[in-house]
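Fold the following, please.
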Amino acid sequence: MFKRLKKNVFKYAEDLAEVVAPSFRTPLEKFQNHWQRVTDFIVDQSTAHEPSDDTNDDGDEPFVFELIRDMLAMLIDEESDSDGMGPCMEFMLGQNILRTAVSLAQGDFPKGIRAEILKFFTKLLTDISQTLIPHQNVYGPMKKLMAINSVSAPGSRRSLRTDVAMARFLDAVCVKLAQFPGFADLFVDTIKDGGAEPMQVFLPAAMLKPLLLTNRQGGDLSASPLSSPERPVLHSDAFFGGADGVGGGHRSKKEIKAVEITRRSYDCLRVVFTLRSPVVDRLLVADDTLVHFMTQRLVELYAGLPTEFTPGETQEHVMEWIESQFDGWKRFSAAKHERLPADAIAFLAFMDWIHFCDDVIEDCGSALGAHMVDIVARGFLKQQIAPMLLHASEDTAYTSTCYVSACITQISSARLLRGWTTFLLGGSAEAGDGVDNRIADTLIQRCDHVSEDLSAATLHLFLRLLMKRNEHVLDRLVLRHIDDASLPQVASSATLRAAMHIMADRYASMVPASLRSCDDGVSYKEYFIDAQHAVWACRRACAAWGEYGKPGDIEDSSVSPGRIVSNVSSTSSVLVMDAINTDPRRASLMSPEQYSHADDPDDGPDFSVSPQTSEHGGDETDEHNDSTPHGDDVAEADLAQAFAGVPCSSPFLAVLSRRLRQLPTQSHTQNLLITGNYAALFEYPTVALHAILLGTSDGSLFSTFEQLCTELKAKSARIDNIDTRLDEIRHNLVTMPADEARTDSMSTTLRAIIVLEEFSKEVAARLLVQCNEMLLAT
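Next up is the predicted model:
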């Protein structure tokens with residue numbers, strides 16, 4: 001009590017001195033006086049026998065803290081009143097006040113002075129518009145301040161107030177580094193942590209470790225109540241109701257501060273990894289503690305997910321996530337839920353961290369990114385994902401496959417996607433990857449699994465992989481199973497395009513007119529517009545593949561196309577939908593009226609291309625006389641030459657073909673997934689793939705189509721009022737939930753007819769778009 005009274009009397013005396021002080025004192029003199037009083041107070045405290053007991057988090061602060069804040073306010077006011085550096089700032093830098101302040105913070109005496117000095121530096125970086133970091137008397141003290149906050153004395157404990165100040169200071173430093181990446185090398189230094197050998201570190205990364213790896217009690221942050229499955233600390237918590245975050249309820253003030261520490265630490269972690277400084281990247285690879293932290297966080301969050309789905313909201317959230325086609329998870333509709341079940345929140349936390357890792361790996365340097373992917377593959381994919389994918393339990397394997405599909409849907413980084421695809425489909429010996437096909441073989445076999453749920457989930461996973469338009473996916477699933485020597489010799493691109501026109505026409509008219517229900521179905525125009533989007537996006541992705549993305553020169557006669565992309569031009573790869581109405585040549589090629597078979601349903605759409613008229617009259621031809629001939633002008637021999645039977649030992653195509661033959665007896669969901677995988681393959685502009693998919697030999701996709709049409713036509717002949725029933729089934733497919741649909745054999749057959757009809761439209765549209773792109777490329 002006496003100490004508190006003595007302190008208050010002393011403070012009142014100081015305030016009185018301010019009142020009676022001369023009013024003409026300049027800001028510089030006032031600044032100098034404040035600093036002198038600060039140093040005098042510290043000297044008095046250092047010689048005292050008993051430390052002050054009024055410096056805890058809940059009690060009153062020493063008045064010296066107020067002096068430090070007043071000094072900062074003077075600096076900010078001085079800058080607002082002048083254009084350049086004022087006398088107070090010059091005095092601070094000239095007298096090396098910052099270095100003295102850091103020395104005071106090192107011992108944290110009086111208690112709380114370290115947090116106050118951290119706040120002082122934070123405000124200098126955020127509220128002073130001048131770029132102070134390049135000054136030696138600024139970045140030197142900043143380095144020392146980071147160093148003393150990067151190591152902890154044995155048995156020491158930081159207060160929550162100090163941790164918050166550390167996080168805010170580091171956040172301010174990282175904001176400046178993001179604006180001026182060239183400053184990063186200034187913060188490389190050699191420090192000694194305890195009895196360890198001195199080592200060179202990047203100080204912001206070293207300062208992140210105590211914030212990320214331990215909480216203020218010294219425990220694991222990921223094991224703290226703040227990161228429990230019921231209330232995870234998401235790096236994007238603001239998108240789920242601010243500080244309260246996911247799961248509803250209200251956080252205490254202490255919890256809110258801890259959430260702020262975590263969120264700011266994640267933001268700093270992103271900046272540290274994405275500076276793209278060779279020196280910093282080298283140090284982060286050498287001391288990969290933070291990389292392992294990211295991987296360990298994935299492991300912990302994945303371990304909190306349910307290993308088996310039970311009917312309820314959790315499975316709905318996972319399925320909704322997988323079906324969502326958006327850029328970034330933050331727009332996920334879970335934000336509208338007031339309360340979510342614990343399993344759904346755990347899934348959101350896991351996907352949140354997948355999104356964070358994906359962003360970081362996409363934006364970091366190449367060497368650091370490759371190292372991060374390697375750590376994720378070894379520490380997470382092989383140790384956590386693999387055992388669940390290969391689990392003997394169908395329910396566990398199904399749940400894990402759904403999680404993997406959600407991750408593949410989310411990932412946009414080419415590096416991280418390559419790591420996932422190598423893990424799932426096996427590596428390439430040429431690229432130096434470890435060749436392990438166990439998971440790929442298991443997944444392909446499950447495409448025809450007796451469990452319909454597991455089979456559908458696996459087919460959905462392959463569809464997501466193909467939709468990524470990734471070189472490694474196509475190579476592992478199809479291209480590596482093709483012998484280049486067996487590919488047909490195409491005489492010219494004109495022959496190839498004309499042959500593709502014929503195949504498009506055949507697919508479009510394959511379903512008998514008596515089984516068509518186009519009045520309520522999707523029109524060819526809609527399929528064509530969708531195919532344009534898909535094919536153009538795929539060509540843009542393939543153009544960046546390197547070896548497989550190089551345009552194939554098939555103008556010269558007797559050139560084997562090999563595993564190359566067919567004539568991808570830089571012009572056609574960046575076309576947008578507006579080109580439909582602005583490019584006359586494109587419009588004449590792909591006018592929807594050409595393939596609308598409303599006039600004569602029996603004949604099917606007309607995919608023929610008329611010769612273009614030049615400005616000088618006559619037919620427009622290039623110097624190679626390579627205009628596309630009408631489909632009728634191409635001999636069957638040329639068609640057979642273009643799409644001769646190409647032997648392909650791909651297990652994936654084999655299982656798709658086997659499942660396609662079962663179309664009349666399978667569920668509607670299974671049929672959609674099988675045809676969806678085929679449609680995704682037709683998007684790729686690879687000549688070798690076209691030769692396989694468009695082959696006309698026995699066992700080919702085309703021959704399977706013909707057999708299905710014959711079989712379905714025979715079955716439909718035994719159904720009364722086939723037109724009315726088809727319309728009814730088509731209407732129910734749009735309006736009725738899948739689990740309420742009838743499962744009798746007749747309904748299954750009618751749904752198979754509708755799937756086959758729509759798939760034939762989709763294939764024809766994709767083939768025609770491929771032909772148009774090839775013509776424009778030449």
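
Which positions within the one helix or strand residue 259 maps to qualify as buried?
Here residue 259, judged by DSSP states H and E, is contained in helix 253-273. For helix 253-273, burial by neighbour count (16 or more other C-beta atoms under 10 Å) applies to 255-273. No exception for glycine: its C-beta is placed from N, CA and C like everyone else's.

Low-confidence regions, the stretch 351-500 of the chain specifically.
428-435, 484-493 (pLDDT under 70).

Which stretches in it count as helices?
366-376, 386-389, 394-410, 414-425, 438-446, 452-467, 471-477, 493-508 (DSSP state H, counting those that start in this stretch).

Tabulate the ones you listed (JSON lines), appending distance to residue 134 and mean neighbour count.
Shown next, in JSON lines, are those (distance: least, C-beta to C-beta, whole Å; neighbours: other C-beta atoms under 10 Å):
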{"stretch": "helix 366-376", "distance to residue 134": "25", "mean neighbour count": "19"}
{"stretch": "helix 386-389", "distance to residue 134": "49", "mean neighbour count": "17"}
{"stretch": "helix 394-410", "distance to residue 134": "40", "mean neighbour count": "22"}
{"stretch": "helix 414-425", "distance to residue 134": "33", "mean neighbour count": "22"}
{"stretch": "helix 438-446", "distance to residue 134": "51", "mean neighbour count": "17"}
{"stretch": "helix 452-467", "distance to residue 134": "48", "mean neighbour count": "22"}
{"stretch": "helix 471-477", "distance to residue 134": "44", "mean neighbour count": "23"}
{"stretch": "helix 493-508", "distance to residue 134": "59", "mean neighbour count": "24"}
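
JSON lines for those helices, including distance to residue 122?
Putting those into JSON lines (distance: least, C-beta to C-beta, whole Å) gives the following:
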{"stretch": "helix 366-376", "distance to residue 122": "27"}
{"stretch": "helix 386-389", "distance to residue 122": "44"}
{"stretch": "helix 394-410", "distance to residue 122": "34"}
{"stretch": "helix 414-425", "distance to residue 122": "33"}
{"stretch": "helix 438-446", "distance to residue 122": "48"}
{"stretch": "helix 452-467", "distance to residue 122": "44"}
{"stretch": "helix 471-477", "distance to residue 122": "45"}
{"stretch": "helix 493-508", "distance to residue 122": "64"}
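
Please work out the angle formed by the directions of the biggest helix by length in the chain and helix 493-508.
When the chain is parsed with DSSP state H, its longest helix is helix 745-777. On the basis of axes from the mean of the first three to the mean of the last three C-alpha atoms, to 10 degrees, helix 745-777 is oriented at 160 degrees to helix 493-508.

buried set for helix 745-777?
Neighbour count says helix 745-777 has 747-777 buried, by 16+ other C-beta under 10 Å.

Check stretch 128-135 too.
Applying a neighbour-count criterion of 16+ other C-beta under 10 Å, one finds 128, 132, 133 buried in stretch 128-135.

how far away is the last one from residue 29?
Which is residue 133. 28 Å (C-beta to C-beta, to the nearest Å).

Equivalent analysis for the first one, please.
When distances are taken as C-beta to C-beta, residue 128 and residue 29 turn out to be 21 Å apart.

Okay, now the unreliable bits of the stretch 201-350 of the chain?
214-251, 310-340.

Mind doing that once more with 90?
Within the stretch 201-350 of the chain, the segments meeting pLDDT under 90 span 210-263, 304-350.

OK, contacts around residue 380?
295, 298, 299, 302 (C-beta atoms under 8 Å, 6 or more residues apart in numbering).

mind redoing it with 10 Å?
Applying C-beta atoms under 10 Å, 6 or more residues apart in numbering, we find residue 380 in contact with 294, 295, 296, 297, 298, 299, 302, 357, 386, 419, 423.

need those in CSV with distance to residue 96, can you?
Output for the contacts of residue 380, formatted as CSV (distance: C-beta to C-beta, whole Å):
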residue, distance to residue 96
294, 38
295, 42
296, 41
297, 41
298, 45
299, 46
302, 50
357, 42
386, 57
419, 48
423, 54
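
which among those residues gets closest to residue 287?
residue 294 (13.9 Å; C-beta to C-beta).

quick revisit: which strands and helices sit next to the helix holding residue 259?
helix 160-179, helix 203-213, helix 278-286, helix 289-303, helix 342-363, helix 366-376 (3 or more C-beta pairs under 10 Å, 6 or more residues apart in numbering; DSSP states H and E).

Export the ones you listed as JSON lines, with columns for distance to residue 149.
Below are the helices and strands packed on helix 253-273 laid out as JSON lines (distance: least, C-beta to C-beta, whole Å):
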{"stretch": "helix 160-179", "distance to residue 149": "5"}
{"stretch": "helix 203-213", "distance to residue 149": "5"}
{"stretch": "helix 278-286", "distance to residue 149": "18"}
{"stretch": "helix 289-303", "distance to residue 149": "16"}
{"stretch": "helix 342-363", "distance to residue 149": "23"}
{"stretch": "helix 366-376", "distance to residue 149": "24"}
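
looking at those helices, which is closest to residue 466?
Using C-beta to C-beta, the nearest of the helices and strands packed on helix 253-273 to residue 466 is helix 342-363, at 19.2 Å.

what inclination does that closest one have with respect to helix 394-410?
40 degrees.

buried residues in helix 342-363?
Under 16+ other C-beta under 10 Å, the buried positions of helix 342-363 are 343-362.

Report the inter-axis angle for that helix versus helix 366-376.
150 degrees.

packing partners for helix 342-363?
Using 3+ C-beta pairs under 10 Å, 6+ apart: helix 342-363 touches helix 253-273, helix 289-303, helix 313-323, helix 366-376, helix 394-410, helix 414-425.

Restrict the longest one to CA atoms and write it as CSV.
Output of helix 253-273 as CSV, limited to C-alpha atoms (Å, rounded to 0.1, in the frame of the first residue of the first chain):
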residue,chain,number,x,y,z
LYS,A,253,-10.6,-11.7,-24.0
LYS,A,254,-7.7,-14.0,-23.4
GLU,A,255,-8.8,-16.4,-26.1
ILE,A,256,-9.3,-13.5,-28.6
LYS,A,257,-5.7,-12.4,-28.0
ALA,A,258,-4.5,-15.9,-28.5
VAL,A,259,-6.5,-16.1,-31.8
GLU,A,260,-4.9,-12.8,-32.9
ILE,A,261,-1.4,-14.2,-32.2
THR,A,262,-2.2,-17.3,-34.3
ARG,A,263,-3.7,-15.5,-37.2
ARG,A,264,-0.9,-12.9,-37.3
SER,A,265,1.7,-15.7,-37.1
TYR,A,266,0.1,-17.4,-40.1
ASP,A,267,0.2,-14.2,-42.0
CYS,A,268,3.8,-13.8,-41.2
LEU,A,269,4.5,-17.4,-42.1
ARG,A,270,3.0,-16.8,-45.5
VAL,A,271,5.2,-13.7,-46.1
VAL,A,272,8.4,-15.4,-44.9
PHE,A,273,7.9,-18.3,-47.3
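
And residue 478, how close does it get to residue 747?
34 Å.

isn't residue 62 right next to residue 37, touching?
No - counting by C-beta atoms under 10 Å, residue 62 stays clear of residue 37, with 11.5 Å between them.
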